[in-house]
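> structure here, sequence nowhere to be found:
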């Protein structure tokens with residue numbers, strides 16, 4: 001389920017079952033002994049509306065889909081929302097017509113915001129000095145920040161005449177359930193207008209997406225609307241409990257389009273630090289909260305996916321006047337740490353436009369001011385956001401073809417229309433990270449009767465596999481694994497890995513090179529060499 005840092009958000013919590021299937025089939029010689037992380041699937045819950053992803057654009061013409069009054073959620077991902085009353089019938093029909101790629105429940109957001117009453121118009125925005133916001137002058141309008149949240153109160157004094165503020169859909173702010181988006185947006189870009197408060201990037205280009213009742217379908221539609229505009233930063237001050245393949249595809253497509261996602265880790269520390277998505281997903285900049293002494297905030301969740309922290313205690317924010325007649329309040333929560341990082345990321349990217357999305361994320365991690373346990377830790381990540389250090393921090397080398405975590409990210413007409421391919425012969429350098437970038441898959445053309453040879457070298461244990469043209473995912477099991485896994489190399493330690501295979505078909509075909517971390521390895525840099533011979 002998706003969880004926002006949102007005050008007392010109403011909504012039913014849905015329990016999502018995880019299906020783990022294992023087929024009792026003897027592996028082929030290629031598959032024998034192959035050890036690879038298990039993939040994840042989610043089964044639709046009974047009685048809920050269902051999101052269906054179609055196998056082709058023509059699937060939208062399915063009579064059952066049309067009769068159910070299904071509505072499009074994301075045409076880019078070919079996802080439709082089917083009302084609960086018709087869900088079971090439509091899923092069965094689409095499966096029979098071979099038009100169903102996957103089905104997931106449409107779920108509701110769950111709150112994890114901790115609010116604390118505070119003095120309105122708080123004069124001391126303590127976070128400004130803590131993250132170095134006062135060390136440099138923010139730039140003019142540049143890279144946009146899209147806030148996917150409850151609606152923005154456009155009548156508030158901070159926003160009523162604010163330039164560069166675009167509503168991507170209708171904004172509804174009617175009750176105390178709708179104040180969160182205004183508060184989060186004020187942290188990003190409240191203008192320096194002589195009243196109230198000032199955001200981290202006062203002149204930021206703000207895009208606002210009202211996610212309605214907080215359903216997964218509205219979140220996916222918001223990601224689609226935000227990423228269509230190209231380079232930008234998307235802020236999620238919340239998340240779902242439980243995995244969602246559709247949400248992960250939405251995140252990956254956003255990165256493909258040149259935007260990054262910043263997400264709050266959650267305020268669940270005192271309840272066991274449950275894992276939320278998108279914060280725990282690869283390629284997401286995950287943000288926790290620190291207090292005025294640079295300690296982890298008492299509510300901020302521990303997480304193996306945590307990248308950095310930013311202030312989240314006693315945060316002055318703008319709120320609708322029906323919530324507080326002054327128009328301001330003071331809140332606690334990682335909901336308000338994430339937009340500090342999102343606004344800072346847009347600032348850095350505006351000043352350093354040569355960075356690609358993954359380089360920007362790396363700069364923010366690498367430049368964080370280390371606190372707590374030395375080095376990375378699950379409480380504070382790499383440390384506290386530091387704008388001055390990020391403005392001058394050295395950029396890492398570009399990581400090629402990201403995101404490329406699975407076959408659907410590199411083949412055409414899946415998550416992206418064109419996909420990606422590796423021209424051969426190829427030599428490249430790349431990196432892997434167990435939480436941020438766990439897999440690298442490359443699509444390689446092999447002519448009829450040709451042979452492909454692949455090798456890797458690394459200072460850590462990086463394994464290698466080679467998959468055939470019919471591969472759907474590198475997490476295949478059972479018959480599919482037996483059919484598609486052509487070769488693999490999982491040597492211990494840092495010894496080079498090598499695999500090769502021949503295309504035995506009558507025509508040319510795409511094969512998939514798969515580099516992944518060995519057991520117990522957290523991150524690795526590696527070099528990859530791929531060659532193709534016609535005979």
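That came through fine. As the structure is a computational prediction, the values presented were derived from the model and not from experiment.
> mind listing what the closest residue to residue 493 other than its chain neighbours touches?
Closest residue to residue 493 apart from its sequence neighbours, by C-beta to C-beta, 6 or more residues apart in numbering: residue 461 at 6.1 Å. No exception for glycine: its C-beta is placed from N, CA and C like everyone else's. Residue 461 sits next to 492-494, 517-521, 524 when contact means C-beta atoms under 8 Å, 6 or more residues apart in numbering.
> 7 Å instead?
Going by C-beta atoms under 7 Å, 6 or more residues apart in numbering, residue 461 touches 492-494, 518, 521.
> next: residue 450.
Residue 450 makes contact with 503, 532-535, according to C-beta under 7 Å, 6+ apart.
> look at it and report its pLDDT.
The predicted local confidence for residue 450 comes out at a pLDDT of 95.
> cool, residue 192 as well?
Note for residue 192: predicted pLDDT of 85.
> ok, it touching residue 200?
No - in this structure residue 192 lies outside contact range of residue 200 using C-beta atoms under 7 Å: 11.5 Å.
> out of the two, which sits in the busier spot?
Here residue 192 and residue 200 are compared on neighbour count by other C-beta atoms under 10 Å; more neighbours surround residue 200, at 28 against 11.
> quick check, residue 222 in a helix?
Yes - the assignment for residue 222 is a helix, going by DSSP: H, G, I helix; E, B strand; the rest coil.
> counting neighbours, what do you get for it?
Considering only other C-beta under 10 Å, residue 222 is surrounded by 26 other residues.
> same check on the one 10 residues further on?
A count of neighbours around residue 232, defined by other C-beta under 10 Å, yields 24.
> contacting residues for it?
Applying C-beta under 7 Å, 6+ apart, one finds that residue 232 lies in contact with 143-146, 226, 259.
> pull up the gap between it and residue 221, please.
For residue 232, the distance to residue 221 equals 16 Å [C-beta to C-beta, to the nearest Å].
> then residue 351?
31 Å.
> which one's more surrounded, the two?
Residue environment comparison for residue 351 versus residue 221 gives the larger neighbour count to residue 221, 25 against 16, counting by other C-beta under 10 Å.
> the closest residue to that one other than its chain neighbours sits in which helix or strand?
With sequence-adjacent residues excluded and distances taken as C-beta to C-beta, 6+ apart, residue 221 is closest to residue 73, at 5.4 Å. When secondary structure is defined using DSSP states H and E, the element that contains residue 73 is strand 71-74.
> what does residue 389 give?
Residue 389 is located in helix 387-392, with elements delineated by DSSP H and E.
> same for the helix or strand that comes right after that helix, what does it pack against?
Helices and strands here follow DSSP H and E; after helix 387-392, the next one along the chain is strand 426-433. Other helices and strands packing on strand 426-433, by 3 or more C-beta pairs under 7 Å, 6 or more residues apart in numbering; DSSP states H and E, are strand 509-517, strand 523-533.
> give the buried residues for strand 426-433.
Neighbour-count burial for strand 426-433, counted by 16 or more other C-beta atoms under 10 Å, picks out 426, 430-433.
> closest to residue 86 among the residues you listed?
The shortest gap between residue 86 and any of these belongs to residue 433, at 41.6 Å (C-beta to C-beta).
> give me the mean pLDDT for the helix holding residue 389.
For helix 387-392, the mean pLDDT works out to 98.
> same thing with stretch 334-352?
In this model, stretch 334-352 carries a mean pLDDT of 98.
> could you do stretch 424-435 as well?
When the per-residue pLDDT values of stretch 424-435 are averaged, the result is 96.
> now do stretch 260-278
95.
> which residue ranges of this protein form helices?
Listed in chain order, the helices of the chain (DSSP state H) span 63-67, 84-96, 127-130, 180-189, 216-227, 245-256, 338-351, 357-366, 387-392, 478-484.
> ok, which of those comes nearest residue 439?
Put simply, out of the helices of the chain the one that sits nearest residue 439 is helix 245-256, at 11.7 Å, with distance taken as C-beta to C-beta.
> helices or strands up against that closest one?
strand 100-105, helix 216-227.
> least confident of these, on average?
Confidence, taken as mean pLDDT, is least for strand 100-105 of the helices and strands packed on helix 245-256 (a mean of 92).
> can you give me the angle it makes with helix 216-227?
For strand 100-105 against helix 216-227, the angle by axes from the mean of the first three to the mean of the last three C-alpha atoms, to 10 degrees is 120 degrees.
> closest to residue 65 out of the helices and strands packed on strand 426-433?
Closest of the helices and strands packed on strand 426-433 to residue 65 is strand 509-517, at 30.1 Å (criterion: C-beta to C-beta).
> direction included, what does that closest one pair up with?
Strand 509-517 sits in its sheet next to strand 439-446 (antiparallel), strand 462-467 (antiparallel), going by DSSP bridges.
> what mean pLDDT does the longest one have?
Spelled out, that is strand 439-446. 98.
> gap between it and the chain center?
Using C-alpha atoms, centre = their mean, to the nearest Å, the mean C-alpha position of strand 439-446 is found 22 Å from that of the whole chain.
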